[in-house]
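K.L.:
Build me a model from this:
(one chain, ligands or ions: 1)
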Amino acid sequence: MTPRLITACLLVVAAVSAGCVKGGGLSHSVAERRRESQVETYEVAAAGLGAGADGYTFRNERFRFEYDPGFASVAGYETEDARRARGVEASEVLNGGYAFVRDIFGIEANKLLRVVIAPTVRGAANDAYTTTSWREIGREGRMVDGSEESVMHFGKEAFESGAVLAHEMTHTLLNAYRLPAWFAEGIATLVEVDYAKSARIDYADVSIAPIGLDENGHNVIQTWRGHASELPERSSETYGSAYAIIREIRARYGPNVYPRFFRDLRETGAHLAGDGVSLGVIIRTLSRVSGTDVAPFFVGIEFDVPDL
Ligand SMILES: [Zn+2]
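P.N.:
Just a heads-up that it's a prediction; the model follows:
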């Protein structure tokens with residue numbers, strides 16, 4: 001079994017351009033420590049967020065908030081009560097986002113979601129990212145169903161942004177499916193915009209028209225973050241293009257298309273294959289659940305559509 005790690009990110013302010021950590025691994029010791037830490041007992045508070053003995057860890061039924069000890073000297077976070085109050089606020093936003101994702105996309109988590117907060121992450125208070133690890137078996141690296149574990153990381157400013165909270169939480173719910181970047185980021189951005197009312201870019205203006213074509217004449221968004229990608233790791237234009245495609249699929253094929261899509265993946269286990277969900281699987285699955293051949297849609301936006 002090989003541990004794998006992927007990273008998905010959101011940039012709050014375009015000026016911060018630190019790239020995502022790609023590849024790498026999560027050591028066994030980290031995974032073991034995590035499991036042990038989940039058996040701590042928590043005082044159940046009236047506010048709905050129990051505190052661990054250290055005063056920096058809080059938990060409710062769905063989320064576990066872990067504050068960096070550095071918050072002891074950060075205004076608004078100095079005391080246990082202040083940290084709990086911030087956690088309750090975040091929890092309300094996250095719970096609303098969770099219900100939104102469940103209703104629109106038909107996916108849920110079956111384990112506690114970890115939220116790690118530090119004054120800065122990767123050197124910035126407004127940066128945030130989510131990591132997911134999973135176990136694989138066999139020569140082709142098939143994912144062990146249910147083995148995925150995600151951790152959200154927020155700098156202080158990012159943690160105070162409902163849009164960023166909603167975006168990153170969506171990644172934790174999606175990461176079991178190992179979707180291409182354009183698909184996962186499009187969904188995370190849809191939740192960020194349509195649920196959390198993000199003002200990051202002008203989403204009314206975005207279009208499904210390709211933002212660029214590669215040397216073979218194919219839409220550059222298709223390989224975003226892949227080896228052949230010409231696109232920056234994070235830019236408003238790419239998030240906007242991905243968002244427009246996800247929104248258009250729902251508009252064309254109906255409000256049930258995504259819940260049926262994810263249910264179909266769970267039933268077939270197609271997302272567990274070594275390379276995750278390919279465009280071919282996406283097209284076949286969307287076509288099956290919508291009763292419509294969706295390949296012409298992807299041809300129309302200049303994706304490199306495989307023979308099906
Ligand atoms: Zn993202």
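K.L.:
my guess is residue 224 meets residue 181, correct?
P.N.:
Yes. At 4.5 Å, residue 224 counts as touching residue 181 under the criterion of CB atoms under 8 Å. For glycine as for every other residue, the C-beta is placed from the backbone atoms N, C-alpha and C.
K.L.:
hey, what's in contact with both of these two?
P.N.:
residue 242 (CB atoms under 8 Å, 6 or more residues apart in numbering).
K.L.:
quick one, which of those two is more surrounded?
P.N.:
residue 224 (26 against 21; other CB atoms under 10 Å).
K.L.:
Give me the phi and psi for that one.
P.N.:
phi -50, psi 130 (degrees, to the nearest 10).
K.L.:
and if you look at residue 225?
P.N.:
Per degrees, to the nearest 10, the backbone of residue 225 is at phi 70, psi 0.
K.L.:
And the pLDDT for it?
P.N.:
Here the pLDDT value assigned to residue 225 is 84.
K.L.:
now do residue 232
P.N.:
pLDDT at residue 232 comes out at 82.
K.L.:
before we move on, what about the one 10 residues further on?
P.N.:
At residue 242, the model reports a pLDDT of 96.
K.L.:
Could you check which helix or strand contains the residue nearest to it when sequence neighbours are not counted?
P.N.:
Nearest non-adjacent residue to residue 242, counting by CB to CB, 6 or more residues apart in numbering: residue 186, 3.5 Å away. Using DSSP states H and E, residue 186 maps to helix 181-190.
K.L.:
And residue 81, by the same measure?
P.N.:
helix 80-105.
K.L.:
what lines up beside the next helix or strand after that helix in the sheet?
P.N.:
Note on helix 80-105: by DSSP H and E, the next helix or strand toward the C-terminus is strand 113-118. Paired strands of strand 113-118, with direction, are strand 63-67 (parallel), strand 149-155 (parallel) (DSSP bridges).
K.L.:
could you give me the average pLDDT of the helix holding residue 186?
P.N.:
Mean predicted confidence for helix 181-190 is 95.
K.L.:
right, is that helix up against the ion?
P.N.:
Yes. Contact of helix 181-190 with the ion (CB under 5 Å from the ion) involves 185, 188.
K.L.:
Are we agreed that residue 131 is in a helix?
P.N.:
No. Counting by DSSP: H, G, I helix; E, B strand; the rest coil, residue 131 falls outside a helix, being strand.
K.L.:
Dig out what it forms beta bridges with.
P.N.:
What pairs with residue 131, by the bridge criterion (DSSP bridges), is residue 7, residue 151.
K.L.:
The one 5 residues further on now?
P.N.:
Under DSSP bridges, the beta-bridge partners of residue 136 are residue 143.
K.L.:
my read: it touches residue 148, true?
P.N.:
No. Between residue 136 and residue 148 there is no contact under CB under 8 Å: 10.8 Å.
K.L.:
show me the contacts for the residue nearest to residue 93 when sequence neighbours are not counted.
P.N.:
Spatial nearest neighbour of residue 93, chain neighbours left out: residue 162 (4.5 Å); criterion: CB to CB, 6+ apart. Taking CB under 8 Å, 6+ apart, we find residue 162 in contact with 93, 196-197.
K.L.:
For residue 162, give its distance to residue 188.
P.N.:
14 Å (CB to CB, to the nearest Å).
K.L.:
One more: residue 78?
P.N.:
Distance from residue 78 to residue 188, by CB to CB: 32 Å.
K.L.:
Out of the two, name the residue with the larger neighbour count.
P.N.:
Ranked by neighbour count (other CB under 10 Å), residue 78 and residue 188 place residue 188 first, with 28 against 12.
K.L.:
Apart from its neighbours in sequence, what residue is nearest the more buried one?
P.N.:
residue 170 (4.2 Å).
K.L.:
Am I right that that neighbour is in contact with residue 191?
P.N.:
Yes. When contacts are counted by CB under 8 Å, residue 170 is listed as touching residue 191 (4.5 Å).
K.L.:
Now list whatever residues contact both of the two.
P.N.:
With CB under 8 Å, 6+ apart as the test, residue 170 and residue 191 both reach 97, 101.
K.L.:
List just the one of the strands paired with strand 113-118 that sits closest to residue 107.
P.N.:
With respect to residue 107, and counting by CB to CB, the nearest of these is strand 149-155 at 12.5 Å.
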